[in-house]
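Novice: Model the following, please.
(one chain, ligands or ions: 2)
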Amino acid sequence: MRWSQTYIPTLRQQQSDAELISHQLLLRAGYIRKLGAGIYLYLPLMQRVIEKFSNIVREEMNRAGGLEITMSVLCPAELWQQSGRYDTIGKEQMRLKDRHQHDMVLCGTHEESVTYLVSGELKSYKQLPLNLYQIQVKFRDEIRPRFGLMRGREFIMKDAYTFDADETSFAKTYQGMVDAYFAIFRRAGIEVVKVESDTGAMGGKAAHEFMLLVDTNAGEEIIINCEKCKYAANVEKAEFTDPANLKIDNELKDMEKVDTPGAATIEEVTAFLKVDASRLVKTLMYMADGKPVAALIRGDRDLNEIKLKNAVKANELEMANPEQVQQYTGAPVGFAGPIGLKENVKILVDPLVAKLKNFIVGANENEKHILNVNLGRDFKAAHTVDLSLAREGDICPRCGGRLIKRDGIEVGNTFMLGTKYSETLGAKYLDAEGKEHPCIMGSYGIGITRTPQAVLEKYFDDKGIIWPKSIAPYLVELIPISMESPEQVETAEKIYNLLRDNNIEVLYDDRPERAGVKFNDADLVGLPIRITIGDKSLKQGKVELKARSEKDMELVAVEDIVRAVKKLAERLN
Ligand code: ATP
Ligand code: MG
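Specialist: Numbering: from 1, shown residues only. Ligands and ions are numbered 1, 2, ... in the order given. The predicted structure is shown next:
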């Protein structure tokens, strides 16, 4: 491709609305433009990157037995009502009415559509396993669209869905997809880690996320992993063993209400009462689908809202506002406690609290706390359930090692759906005896637009992008220093044709610009290999060959250029 004939609007200035280096670079190097919040246009270079990555995904999905299809983005609301998700998925789902006032959705995922597709048509166990996938646009009205292609409201996803007859067969299918995922990300130039994750609105039994660990500010996810064994989980899901070695009283003491003037936060109360935070129990008031819930957590730990949401099986969980706190506790924020709450408040206790004796809680009265409170004797809980957020320094629940915390970008995930959708939407098959069973399903996503941007969090320097060759828009950038030199132009045309004849993808910067401008743009755009044609080396019949990721260049005879480019490419990432 000739630069003069394509469209690469590079920008010199920093873009003020891009916090991430990857987002900044895609804007500045002319790959993407923003149309609205979370809505992006993919320019010619980005289109090629997306195609390259899609093809890697396609090859590995096909290898894993996947069959490519395309499902509509537009879907009648009825299907989503049938699965129950029309009500549970909430505001993230884009909804609209057609001209007949019929409710429709723009799909953010396609479990409903794919299950509809096979239901009734799938007859026999002999047709299983079945693995269908698509590479398709998705719509999600994200609360916080941000970070460019990382979190868009319209984006491209590869989504695959599998149907198996039994658990043994499903386990093989699932492992096949996991293997394919590792292969895909490796080919795209990144190493990912597989972590246990919450199943969220998708439902189902278990799930894994594929994370790119980053040291930049791009990680939206927190991963807890063990230094010793392989345990790794999203913090939303992470389990842990408490490292605190607390002295627990033997005897139950009498309760005592005390004044704590001006002390509402954990820090203030512990300072005022001169006790360790682990003796205090926080009572956190939440509204779960509109119903009040009190979560009791040890004073030195934080609540994991996802664990709480799962424990109360809520679709929407929100912290109670000050009016609601007043309504259910009878006190302002900061003095909630388990004793004397309104009767309809459900009390959930973390196991670390259940172990304590003679702890301190809010008194549900302004500026008062109660000492020597005991679960069972002084109040009852609906459940004791793990509600604490794991943190660095906790103990691994599997091996006793030390847990550490990392930031990550979720580039893909895999869900064990079980029979949730096959039962509600009727994806059933007949076994050898003619008995009907629901299929065991899996669902598997990869961010087709998110992943290439995530890759850039690893592949850049202070001058711009450095693409791994597998998803670079072109392999080579060809730059004659001066378009006014007939010899240089003649050589450039010759090399351009040679490379193209050998199926080497090349971007030929044929603009009548100064060399400095071309070099800056080349560094910004980030193609893996640069060929520079200048008068000095041309006198010896040679051109400069250089990797974007390396400092040194080599001089190569024009006739030798194809072989030299191939050799250099082989050694590059
Ligand atoms: P997240 O936790 O980041 O919101 P998710 O759990 O909602 O992701 P899935 O519904 O499983 O993600 O989607 C599969 C893949 O699609 C994700 O792993 C991610 O790579 C990509 N993806 C999800 N949401 C977005 C988005 N808003 N913009 C771009 N890519 C996305
Ligand atoms: Mg999401």
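Novice: Excluding chain neighbours, what is closest to residue 564?
Specialist: Ranked by C-beta to C-beta, 6 or more residues apart in numbering and with sequence neighbours excluded, the top spatial neighbour of residue 564 is residue 556, at 4.3 Å. Where C-beta positions appear, they are placed from N, C-alpha and C, glycine not excepted.
Novice: so after the strand or helix carrying that neighbour, what's the next helix or strand?
Specialist: Assigned by DSSP states H and E, residue 556 belongs to strand 553-557. Downstream of strand 553-557, the next assigned helix or strand under DSSP H and E is helix 561-571.
Novice: Do you know the pLDDT at the spatially most central residue of the chain?
Specialist: The residue lying closest to the centre of the chain (C-alpha atoms, centre = their mean) is residue 410, at 2.6 Å. In the prediction, the pLDDT value recorded for residue 410 is 98.
Novice: Show me the helices in the stretch 301-450 of the chain, by range?
Specialist: Applying DSSP state H, counting those that start in this stretch to the stretch 301-450 of the chain gives helices spanning 305-311, 322-329, 351-354, 420-424, 450-456.
Novice: rank those helices by pLDDT, which is bottom?
Specialist: Among the helices of the stretch 301-450 of the chain, helix 420-424 carries the lowest mean pLDDT (a mean of 91).
Novice: who touches the spatially closest residue to residue 523 that is not a sequence neighbour in this structure?
Specialist: Computed as C-beta to C-beta, 6+ apart, the closest residue to residue 523 that is not its neighbour in sequence is residue 463, at 3.8 Å. Applying C-beta atoms under 8 Å, 6 or more residues apart in numbering to residue 463 gives the contacts 520, 523, 524.
Novice: and what of residue 216?
Specialist: Residue 216 makes contact with 20, 21, 457, according to C-beta under 8 Å, 6+ apart.
Novice: Make a markdown table out of the residues you listed and add distance to residue 332 and secondary structure.
Specialist: Formatted as a markdown table, the contacts of residue 216 follow (distance: C-beta to C-beta, whole Å; DSSP: H, G, I helix; E, B strand; the rest coil):
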| residue | distance to residue 332 | secondary structure |
| --- | --- | --- |
| 20 | 40 | coil |
| 21 | 44 | helix |
| 457 | 44 | coil |
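Novice: want to try CSV for the residues you listed, with neighbour count as columns?
Specialist: Formatted as CSV, the contacts of residue 216 follow (neighbours: other C-beta atoms under 10 Å):
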residue, neighbour count
20, 21
21, 16
457, 22
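Novice: of these, closest to residue 76?
Specialist: Minimum distance to residue 76 across those is 37.4 Å, recorded for residue 20 (C-beta to C-beta).
Novice: Which single one of the contacts of residue 216 is nearest to residue 100?
Specialist: Of the contacts of residue 216, the one sitting nearest to residue 100 (C-beta to C-beta) turns out to be residue 20, at 43.0 Å.
Novice: doesn't residue 457 make contact with that closest one?
Specialist: Yes. Residue 20 is in contact with residue 457 according to C-beta atoms under 8 Å; the separation is 7.2 Å.
Novice: which residues are common contacts for those two?
Specialist: Counting by C-beta under 8 Å, 6+ apart, the residues touching both residue 20 and residue 457 are 216, 218.
Novice: what does the chain have sitting close to ligand 1?
Specialist: Neighbours of ligand 1 within the chain, by C-beta under 6 Å from any ligand atom: 109, 140, 142, 151-152, 155, 157, 410-413, 445-447, 449-450.
Novice: Only alpha carbons, please: show the strand or helix carrying residue 135 as CSV.
Specialist: Using DSSP H and E, residue 135 maps to strand 130-139. Extracted C-alpha coordinates of strand 130-139, given in CSV (Å, rounded to 0.1, in the frame of the first residue of the first chain):
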residue,chain,number,x,y,z
LEU,A,130,-21.5,-29.0,18.7
ASN,A,131,-19.3,-25.9,18.8
LEU,A,132,-20.6,-22.7,17.1
TYR,A,133,-18.8,-19.3,17.1
GLN,A,134,-19.0,-15.9,15.5
ILE,A,135,-16.9,-12.8,15.2
GLN,A,136,-19.5,-10.1,15.6
VAL,A,137,-20.3,-6.6,16.9
LYS,A,138,-21.8,-6.4,20.4
PHE,A,139,-23.6,-3.6,22.1
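Novice: in stretch 166-175, what's buried?
Specialist: For stretch 166-175, burial by neighbour count (16 or more other C-beta atoms under 10 Å) applies to 169, 170, 173, 174.
Novice: After the host helix or strand of the second one, which helix or strand is next?
Specialist: I take that to be residue 170. Taking DSSP H and E as the definition, residue 170 sits inside helix 167-187. The helix or strand immediately downstream of helix 167-187 is strand 193-197, counting by DSSP H and E.
Novice: Could you list the low-pLDDT ranges of the stretch 101-250 of the chain?
Specialist: Counting by pLDDT under 70, the stretch 101-250 of the chain contains no low-confidence range.
Novice: element containing the closest residue to ligand 1 within the stretch 101-250 of the chain, please.
Specialist: Nearest residue of the stretch 101-250 of the chain to ligand 1 (C-beta to the nearest ligand atom) works out as residue 155 at 3.6 Å. Assigned by DSSP H and E, residue 155 belongs to strand 154-164.
Novice: What are the buried residues along that strand?
Specialist: For strand 154-164, the neighbour count (16+ other C-beta under 10 Å) marks 154, 155, 156, 157, 158, 159, 160, 161, 162, 163, 164 as buried.
Novice: quick one: contacts for the first one?
Specialist: In this case it means residue 154. 38, 39, 40, 137, 138, 139.
Novice: again, but for the third one
Specialist: If a contact means C-beta under 8 Å, 6+ apart, then residue 156 has 50, 54, 135, 136, 137, 138, 447, 448, 449 as its contacts.
Novice: okay, now the third one: neighbour count?
Specialist: Residue 135: 20 surrounding residues under other C-beta atoms under 10 Å.
Novice: Would you check that residue 217 makes contact with residue 20?
Specialist: Yes. Counting by C-beta under 8 Å, residue 20 is a contact partner of residue 217 at 6.7 Å.
Novice: just how off-centre is stretch 207-215 within its chain?
Specialist: From the chain centre to the centre of stretch 207-215 is a distance of 7 Å (C-alpha atoms, centre = their mean, to the nearest Å).
Novice: what's next to that stretch, contact-wise?
Specialist: Contacts for stretch 207-215 (C-beta under 8 Å, 6+ apart): 178, 181-182, 185, 190-200, 219, 221, 223, 234, 406-416, 446, 454-455, 457-458.
Novice: re the thing from before, which of the contacts of residue 154 count as buried?
Specialist: Buried among these (16+ other C-beta under 10 Å): 38, 40, 138, 139.
Novice: ok, the residue lying closest to the last one once chain neighbours are set aside to residue 158 distance?
Specialist: The shortest distance from residue 139 to any residue other than its chain neighbours is 3.8 Å, reached at residue 106 (C-beta to C-beta, 6+ apart). When distances are taken as C-beta to C-beta, to the nearest Å, residue 106 and residue 158 turn out to be 18 Å apart.
Novice: now swap in residue 427 and tell me
Specialist: According to C-beta to C-beta, residue 427 stands 21 Å off from residue 158.
Novice: swap in residue 513?
Specialist: As judged by C-beta to C-beta, residue 513 and residue 158 stand 38 Å apart.
Novice: Just the buried positions in stretch 338-346, please.
Specialist: Buried-residue list, stretch 338-346, by 16+ other C-beta under 10 Å: 338, 339, 341, 345, 346.
Novice: Quick one: neighbours of the residue lying closest to residue 354 once chain neighbours are set aside, just the number.
Specialist: Among residues not flanking residue 354 along the chain, residue 384 sits closest, at 4.8 Å (C-beta to C-beta, 6+ apart). Residue 384 has 16 neighbours, counted by other C-beta under 10 Å.
Novice: Go ahead and confirm residue 384 touches residue 355.
Specialist: No. The criterion here is C-beta under 8 Å, and residue 384 misses it with residue 355 at 9.8 Å.
Novice: which one's the longest strand in this protein?
Specialist: strand 403-418 (DSSP state E).
Novice: Fine, thanks again, bye for now.
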